[in-house]
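Engineer: curious how this folds, go ahead:
(chains A and B)
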There are 2 protein chains.
Amino acid sequence: MKKKRLKKNQKGLVIIFTGDGKGKTTSALGMALRAAGHRKKVLMVQFIKDFSDYGEIKFSKRCPQDIEIYSMGKGYVGIFGDKLPLSEHKKAAKRALEFARKKGLSGRYFMIILDEINVALKLRLLKVDEVIKFIKRLRAKVHLVLTGRNAPKKLIKFADLVTEMKEIKHPYTKGILAQEGIEY
Amino acid sequence: MKKKRLKKNQKGLVIIFTGDGKGKTTSALGMALRAAGHRKKVLMVQFIKDFSDYGEIKFSKRCPQDIEIYSMGKGYVGIFGDKLPLSEHKKAAKRALEFARKKGLSGRYFMIILDEINVALKLRLLKVDEVIKFIKRLRAKVHLVLTGRNAPKKLIKFADLVTEMKEIKHPYTKGILAQEGIEY
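Structural biologist: Residues are numbered from 1 along each chain as shown, chains lettered A, B, ... in the order given. So this is what the prediction gives:
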């Protein structure tokens, strides 16, 4: 079946999921599942992350016709024993954005999720202005979803839909560790 | 492949997505997609909702091995031209909870999502105490995810993980209508 994309002259929505609570990437994945139900194709490009054991990545390998996911980060930046020079993290982020641009311009996707891009912005791996330029160009072709805590104000101003995921309670604080199928 | 369920003596997590922002049901769906990646089976029982054109329902019909979704509500309550007696809405909510209980006790699921159950509670279609009783019984078997705005305090106290989805900006306020693949 032909995948549905944006209609002619339709402008893609710019959606941001931010905040310190659980549900940002997960919400974006839920949008992907919903789109898949309508036979619309979704691309997720992950910044920062480089972990291949995520459920969503396994799903994407099994159902690439529904969602394609590419983990293009180099892992945590400056924490948890990261010894990579910042320039390497920057290179990876630029590569990921360029990859998303090319994929997006192909016109094959209904939605592109830039997962954790807000974190890449906060860490100055990318400049807000280049991301806004990206959005201006790409939204003619696709809906865009940007996730990660600390979304910059300039980006929020530019978006159509913004939700802050606020942590009210988290099991880490109760000493329960992250588990497969829930946190990843 | 055999679907993975909870380990022996493991207690299921109780997760709540509430608040007025977008991302509650969507987050729950994202958890389902993630679980599907790990070959874990998810059940979603929808309260209030009775709309069959949702992307998630189409997805569930196509991939019932990943997620089963049942819309068991009778539509909006007391608004948008609803003329059904409240008793009918109550009956539907009770039926949905009983259905989820039976399904959950079967031990076939890794996670059960009670979609919009917080709204059913707010509208007094269900009592908080019966839902807490349900949780106490079922969490021996499955992880539980409860969605909908206005989660009762008593329920929040009982949960392990609670996120409030806070609306910062929504396209309705900009006059953009709900669209397929985004809102439903």
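Engineer: list the buried residues of the helix or strand where residue A:100 lies.
Structural biologist: Per DSSP states H and E: residue A:100 is located in helix A:86-105. Neighbour counts over helix A:86-105 (16 or more other CB atoms under 10 Å in any protein chain shown) mark A:89-90, A:92-93, A:96-97, A:100-101, A:103-104 as buried. Bear in mind the C-beta positions are built from the backbone N, C-alpha and C, glycine included.
Engineer: which of those sits closest to chain B?
Structural biologist: The nearest member of the buried residues of helix A:86-105 to chain B, counting by CB to the nearest CB, is residue A:104 at 16.0 Å.
Engineer: how about that closest one, nearest residue that isn't a chain neighbour?
Structural biologist: residue A:138 (4.5 Å; CB to CB, 6 or more residues apart in numbering or on different chains).
Engineer: any idea of the mean pLDDT for the helix holding residue A:100?
Structural biologist: Across helix A:86-105, the average pLDDT comes to 97.
Engineer: what does that helix contact?
Structural biologist: Residues outside helix A:86-105 that contact it (CB atoms under 8 Å, 6 or more residues apart in numbering or on different chains): A:43, A:45-48, A:70, A:72-74, A:77-78, A:109, A:112, A:114, A:117, A:120, A:123, A:125-126, A:130-131, A:134, A:137-138, A:141-142.
Engineer: export that helix to PDB, keeping only CA atoms.
Structural biologist: What follows is helix A:86-105, C-alpha atoms only, in PDB (Å, rounded to 0.1, in the frame of the first residue of the first chain):
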ATOM      1  CA  LEU A  86      33.400  17.200  22.700                       C
ATOM      2  CA  SER A  87      34.300  17.700  19.000                       C
ATOM      3  CA  GLU A  88      33.500  14.100  18.400                       C
ATOM      4  CA  HIS A  89      30.100  14.500  19.900                       C
ATOM      5  CA  LYS A  90      29.600  17.600  17.800                       C
ATOM      6  CA  LYS A  91      30.500  15.800  14.700                       C
ATOM      7  CA  ALA A  92      28.100  13.000  15.400                       C
ATOM      8  CA  ALA A  93      25.300  15.500  16.100                       C
ATOM      9  CA  LYS A  94      26.000  17.300  12.800                       C
ATOM     10  CA  ARG A  95      26.100  14.000  11.000                       C
ATOM     11  CA  ALA A  96      22.700  13.000  12.500                       C
ATOM     12  CA  LEU A  97      21.100  16.300  11.500                       C
ATOM     13  CA  GLU A  98      22.400  16.100   8.000                       C
ATOM     14  CA  PHE A  99      21.200  12.500   7.700                       C
ATOM     15  CA  ALA A 100      17.700  13.500   8.900                       C
ATOM     16  CA  ARG A 101      17.700  16.400   6.300                       C
ATOM     17  CA  LYS A 102      18.500  14.100   3.400                       C
ATOM     18  CA  LYS A 103      16.000  11.500   4.500                       C
ATOM     19  CA  GLY A 104      13.400  14.100   5.100                       C
ATOM     20  CA  LEU A 105      13.800  15.800   1.700                       C
END
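Engineer: immediately after it, which helix or strand?
Structural biologist: Following helix A:86-105 toward the C-terminus (DSSP H and E): strand A:111-115.
Engineer: what does that following strand rub up against?
Structural biologist: A:12, A:25, A:28, A:31-32, A:35, A:40, A:42-47, A:49, A:97, A:100, A:103-104, A:131, A:138, A:142-148, B:181.
Engineer: please repeat the previous calculation with a cut-off of 7 Å.
Structural biologist: A:25, A:28, A:31-32, A:35, A:40, A:42-47, A:49, A:100, A:104, A:138, A:142-147 (CB atoms under 7 Å, 6 or more residues apart in numbering or on different chains).
Engineer: those residues in strands, which ones?
Structural biologist: A:42-46, A:143-147 (DSSP state E).
Engineer: same list, those, but only the ones touching chain B.
Structural biologist: residue A:143 (CB under 7 Å from any CB of the partner chain).
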